[in-house]
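In: got a sequence here, can you model it:
(chains A and B)
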Amino acid sequence: KNQVEQSPQSLIILEGKNCTLQCNYTVSPFSNLRWYKQDTGRGPVSLTIMTFSENTKSNGRYTATLDADTKQSSLHITASQLSDSASYICVVSKRNAGNMLTFGGGTRLMVKP
Amino acid sequence: DTGVSQDPRHKITKRGQNVTFRCDPISEHNRLYWYRQTLGQGPEFLTYFQNEAQLEKSRLLSDRFSAERPKGSFSTLEIQRTEQGDSAMYLCASSLALSWEDEGGAKSGYTFGSGTRLTVV
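Out: Numbering: from 1, shown residues only, chains lettered A, B, ... in the order given. Purely as a prediction, here's the structure:
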């Protein structure tokens, strides 16, 4: 069973609308959680990174939240644009695990005009 | 040098052939990682180097796979006797580890290349 689960698997929204992507993890002991955006055929690009003590972080129209107690994170996208169409991957790093990252399966977002 | 470079971007090979991919990390980064990503899935860890030392290998890295980073700079990933199941995107990433433990690169960032897409026919 994957230690990082994301929902929904895919999502279609209209341009200008907001959306929220979910990530639940079981990775322990927890070190940090990242959200990446991956365009088709490209490598992932970091959006946010949060450690245990941080519960929210913003990067432009992207806002990530983290509840380390319930092991849940969300990524909220505000006023979506066509260029937001991509896969969004939740990634969790385990403390003292030699830098290995555990990836979720991603949420494929399509923004339609 | 503003990013992680991977070469080639695409590779089509016949089953049974050997292939080699190259990754050039961000120059000041001391850690280099290889991941494999199949369609619709998140990347899976294969191996990583600190400088020239290969510190960890995943069980996914069968004996047909070998990775090197001889001078602690660029790295190569070779797949021998390719199989159709090897078809995937191979991603390289690099980071600057500020300490031995370095909490997953939290303080230093973790940058991915654009990947090499391998198709075995």
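In: got the contact list for residue 112?
Out: Picked chain A for this. For residue A:112, the contact set (Cβ atoms under 8 Å, 6 or more residues apart in numbering or on different chains) comprises A:12, A:13, A:14, A:15. Yep, even glycine has a C-beta here, placed from its N, CA and C like the rest.
In: chain B is the one I meant
Out: Contacts here follow Cβ under 8 Å, 6+ apart; on that basis residue B:112 touches A:36, A:43, A:44, A:45, B:4, B:91, B:92, B:93.
In: going by neighbour count, which of these comes out on top?
Out: In terms of neighbours by other Cβ atoms under 10 Å in any protein chain shown, those top out with residue A:44 at 31 neighbours.
In: that one and residue A:88 touch, don't they?
Out: No - between residue A:44 and residue A:88 there is no contact under Cβ atoms under 8 Å: 9.4 Å.
In: excluding its backbone neighbours, what's nearest the spatially most central residue of chain B?
Out: In chain B, the centroid-proximal residue (Cα atoms, centre = their mean) is residue B:34; its distance is 2.4 Å. Leaving aside its chain neighbours, residue B:34 sits nearest to residue B:46 (4.3 Å; criterion: Cβ to Cβ, 6 or more residues apart in numbering or on different chains).
In: can you give me the distance of the nearest residue to residue A:29 once chain neighbours are set aside to residue B:17?
Out: Spatial nearest neighbour of residue A:29, excluding adjacent residues (Cβ to Cβ, 6+ apart): residue A:95 at 4.2 Å. In this view, residue A:95 and residue B:17 are 41 Å apart by Cβ to Cβ, to the nearest Å.
In: just residue B:60 next, same as before
Out: For residue B:60, the distance to residue B:17 - Cβ to Cβ - is 20 Å.
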